[in-house]
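[1] Just need the structure, nothing else, for what follows:
(one chain, ligands or ions: 1)
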Amino acid sequence: MSIAAIPIKPAAPEPVASTSTPFERLGGEAGVRRLVDHFYDVMELEPKYAELLAMHPVGKMEETRNKLFWFLCGWLGGPDYFSQRFGHPRLRMRHFPYAIGTKERDDWVACMTQTLDEVEIDPDLRRQLLEAFVGTADWMRNKAESGNMPAGSVIHG
Ligand code: HEM
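    Next up, the predicted model:
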């Protein structure tokens, strides 16, 4: 397998200055909470995200929202609530129970793009966050689809 085929863990958005993290620029916990709530509101209300929504555990939306909130606080440079509760994020591994291919990735990214269009956010921060979300969502793919897996990962038998 060539080195280019090895998925590289995408980085969280870089702070622009040492004094301001993306977490702070987004408005701290209140800003992250607004983003997460709007993301799941969009997913729940827009019929085009019905399949994405259906992947999520039934009747646990409050917990699902909290988990993304806790994770994003740390990922954006704020308090590390997710790790404090659950240990190392191991984000890709935690998504293994869900079959994520190109469509699921694209739906997630479209839902987040719509969210970022609808919440109040600095344009530079929006661009930076979207770039980091796109890279992370792509890294989350775990479903073999024709042409997307390196030859070495094919399991025979
Ligand atoms: C690529 C498309 C993605 C799909 C289809 C997807 C889907 C899901 C689903 C179905 C869950 C389970 C919800 C629950 O246990 O309540 C989940 C959990 C989670 N997702 Fe995603 N996700 C995607 C991308 C992302 C990205 C890009 C991030 C972060 C930037 C993210 C962060 C999380 C976190 C933190 C959890 C909770 C993990 C846990 O504690 O089990 N997801 N996701």
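
[2] Just the helices from the protein, written as ranges.
    Shown for the chain, the helices assigned by DSSP state H span residues 22-25, 28-45, 50-54, 61-75, 81-86, 91-94, 102-118, 123-139.

[3] Name the residues that touch the third one?
    Spelled out, that is helix 50-54. Applying C-beta atoms under 8 Å, 6 or more residues apart in numbering, the contact partners of helix 50-54 are Met43, Glu44, Lys103, Glu104, Asp107, Trp108, Cys111. Using the backbone N, CA and C atoms, a C-beta is placed for each residue, glycine as well.

[4] try 7 Å this time
    Residues outside helix 50-54 that contact it (C-beta atoms under 7 Å, 6 or more residues apart in numbering) are Met43, Glu44, Glu104, Asp107, Trp108, Cys111.

[5] now swap in the fifth one and tell me
    Residues outside helix 81-86 that contact it (C-beta under 7 Å, 6+ apart): Trp70, Phe71, Cys73, Gly74, Pro89.

[6] follow-up on the earlier one: out of the helices of the chain, the one nearest Pro10 is which?
    Pro10 sits nearest to helix 123-139 of all the helices of the chain, at 3.3 Å, using C-beta to C-beta.

[7] Next, format the contacts of helix 50-54 as JSON lines and append distance to Glu131 and neighbour count.
    Formatted as JSON lines, the contacts of helix 50-54 follow (distance: C-beta to C-beta, whole Å; neighbours: other C-beta atoms under 10 Å):
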{"residue": "Met43", "distance to Glu131": "21", "neighbour count": "22"}
{"residue": "Glu44", "distance to Glu131": "26", "neighbour count": "12"}
{"residue": "Glu104", "distance to Glu131": "19", "neighbour count": "20"}
{"residue": "Asp107", "distance to Glu131": "18", "neighbour count": "20"}
{"residue": "Trp108", "distance to Glu131": "15", "neighbour count": "21"}
{"residue": "Cys111", "distance to Glu131": "16", "neighbour count": "19"}
